[in-house]
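*Asks:* the following block contains a protein sequence and its predicted model.
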Amino acid sequence: MQIVKYPNPILFQRIENFDFSNPKYDPIQLEKDMIDIMFKENGIGLAANQIGISARVFVMGHKDYPDNAQAFFNPMVVAHLDDVENLEEGCLSFPGIYVNIKRPKKIKARWQNSKGEWQEDIFDGYNCKCFLHELDHLEGITFKDRISNIKWALAVKKSKRKK
């Protein structure tokens, strides 16, 4: 499996809920495969549609702490718990482009693990940003959609200078 790059149409589709009663994919194997791809690509998050799979799931984690990586099936934000902050984000589907995105500093989220069990937790800082970025992918929203055309053009220009 390879990373789907912008402007592939699957990046703009809202992905339907993962059906644990009739799964199209083995959720445990899907979690393992997605984490492996994320680490191979030096990412900290990866949504299923970024590898061409129409399943409402993303993974998050850091290769320095592989045991903490996990999948989030049917994720949702339950509450925004704090002010917003403007942090830099990158995306495996937009290699080399980095932009500042305003997002909540802290959220309360709910999701199912790969066994279908519901879980809930609070995310802040970098984990909050990553959770919201990957959730956007499942909604068919890219980080390009979160900024103005002028800021996007500047980010693209800057990425070309670095190459």
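*Replies:* On my side now, so go ahead. Numbering: from 1, shown residues only.
*Asks:* and the longest strand anywhere in the chain, which strands flank it?
*Replies:* Longest strand in the chain, counting residues (DSSP state E): strand 70-80. Here strand 70-80 is paired, per DSSP bridges, with strand 57-60 (antiparallel), strand 106-112 (antiparallel).
*Asks:* now the last one: buried residues?
*Replies:* Read that as strand 106-112. For strand 106-112, a neighbour-count test (16 or more other CB atoms under 10 Å) marks 106, 107, 109, 111, 112 as buried. Any C-beta I mention is one placed from the backbone N, CA and C, and that applies to glycine too.
*Asks:* without its sequence neighbours, what residue ends up closest to the third one?
*Replies:* Spatial nearest neighbour of residue 109, chain neighbours left out: residue 77 (5.5 Å); criterion: CB to CB, 6 or more residues apart in numbering.
*Asks:* near that neighbour, how many other residues are there?
*Replies:* By the criterion of other CB atoms under 10 Å, residue 77 has 16 neighbours.
*Asks:* which residues touch it?
*Replies:* Contacts for residue 77 (CB atoms under 8 Å, 6 or more residues apart in numbering) come out as 107, 108, 109, 132, 135.
*Asks:* checking the fourth one next. Helix, strand or coil?
*Replies:* Assigned with DSSP: H, G, I helix; E, B strand; the rest coil, residue 132 falls in the helix class.
*Asks:* show the pLDDT at it.
*Replies:* At residue 132, the model reports a pLDDT of 98.
*Asks:* leaving out sequence neighbours, find the closest residue to residue 38.
*Replies:* residue 46 (4.1 Å).
*Asks:* the one you found against residue 33, yeah?
*Replies:* No: between residue 46 and residue 33 there is no contact, the gap being 10.1 Å when judged by CB atoms under 8 Å.
*Asks:* residue 89 and residue 76, how far apart?
*Replies:* 20 Å (CB to CB, to the nearest Å).
*Asks:* and for residue 29?
*Replies:* Taking CB to CB, one finds residue 29 at 24 Å from residue 76.
*Asks:* okay, the two: which has more neighbours?
*Replies:* Neighbour count, other CB under 10 Å: between residue 29 and residue 76, residue 76 has more, with 15 against 10.
*Asks:* contacts only, for that one.
*Replies:* By CB under 8 Å, 6+ apart, the contact set of residue 76 is 109, 110, 111, 135.
*Asks:* residue 66: which of the buried residues of strand 106-112 is nearest?
*Replies:* Relative to residue 66, the closest of the buried residues of strand 106-112 is residue 111; by CB to CB it sits at 19.7 Å.
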